[in-house]
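> Could you look at this predicted model? Sequence included:
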Amino acid sequence: METAQKIKTDANIPLTMEGLTSLAGIGRKSANVIMRETGAKAVGVIVDLHVLRVAPRLGIATGTDPKKIEKQIMEVIPEKDWGQIGMAFSFLGRETCRPTHPKHDECVLSSVCEYCKEHQGGGVNKKEKKPVAVKKKAAKAVVKPETKKITSAKKKATKTKATAKRNPKK
Ligand code: SF4
C-alpha cells in the first residue's frame, strides 16, 4: 500500500537499482528481476533461494548472505551475462541442483562443480556409482573388438599352421 501510494501510476515505477530499492519491500533481488523483465541493463545478479544454494555448491561463492553472494558471482561472471546468470542458476536449482538429492548425473556443470567433485571423491554419494558403472561398460565395449581381433588372429594362425602341416612344401 505504501509503495502504491508513493508511486501512484505505473509510469512512475523507477527502473534503476537505486530507485527500486528505495521502495518499501523491494530489495536487490526484486529490483534485479524487475530490471531484467523490463529489459534494463543489468547492474547486478538475481540471487534467490536457489542461487543461494547453487553458487556455493559450484564453488564460485561462499556464505549465506545474498548481497555477498551476488558480489562474488559478479566478480567471476562477465558483466554481459549478469542479466541471465541469476535465472540460469535459479532454474538449475529448481530442476537439477535440488536441496536434497541433487541430480549430479544430469547436471551440465558437474565437471566443474566443487560439491560434485568433493562428494564423488569422498565416495559417499550413490550417484557416483554411475560414472564407475558407465566406465566399466565403456571399457568392455572398448576391449571387446580387440578381443575379437586377437581371437580371429589366433584362429587364422592355427588354420595356417594346420594347412602347412597337411601340405608340407618340398
Ligand atoms: S553437479 Fe550437482 S551439486 Fe553441482 S551444480 Fe550440478 S547438481 Fe548441483
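Thanks, I have it.
> Now the residue sitting nearest the centre point of the chain: which helix or strand?
Nearest residue to the geometric centre of the chain (Cα atoms, centre = their mean): L109, 2.6 Å. Using DSSP states H and E, L109 sits in no helix or strand.
> Spatially, and excluding backbone neighbours, which residue is closest to L23.
T3 (4.9 Å; Cβ to Cβ, 6 or more residues apart in numbering). No exception for glycine: its C-beta is placed from N, CA and C like everyone else's.
> Can you pull out the residues in contact with the one helix or strand that neighbour maps to?
For T3, the element it lies in under DSSP H and E is helix 2-7. With contacts defined as Cβ atoms under 8 Å, 6 or more residues apart in numbering, helix 2-7 is touched by I13, L23, A24, G25, I26.
> Kindly recompute the last result at 7 Å.
Residues outside helix 2-7 that contact it (Cβ atoms under 7 Å, 6 or more residues apart in numbering) are I13, L23, A24, G25.
> what do you get for stretch 46-60?
By Cβ under 7 Å, 6+ apart, stretch 46-60 touches 29, 32-33, 36, 61-62, 64, 66, 69-70, 72-73, 76, 86-87, 89-90, 92-94, 97, 99, 109, 113-115.
> Restricted to buried residues, select those residues in PyMOL.
Burial among those is assessed by 16 or more other Cβ atoms under 10 Å; the matching PyMOL selection reads:
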select buried, resi 29+32+33+36+61+66+69+70+72+73+86+87+89+90+92+93+97+109+113+115
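> In strands only, show me the contacts of stretch 46-60.
Among the contacts of stretch 46-60, DSSP state E puts none in strands.
> Keep only those of the contacts of stretch 46-60 that are also close to the ligand.
With Cβ under 6 Å from any ligand atom as the criterion, the contacts of stretch 46-60 include C97, L109, C113, Y115 near the ligand.
> Let me have the residues you listed in a markdown table, adding distance to A42 as columns.
Formatted as a markdown table, these follow (distance: Cβ to Cβ, whole Å):
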| residue | distance to A42 |
| --- | --- |
| C97 | 22 |
| L109 | 21 |
| C113 | 24 |
| Y115 | 26 |
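> Now for the residues you listed: which two are most distant?
For those, the farthest-apart pair by Cβ to Cβ is L109 and Y115; their separation is 9.9 Å.
> list the residues that contact both of these two?
Common contact partners of L109 and Y115 (Cβ under 7 Å, 6+ apart): none.
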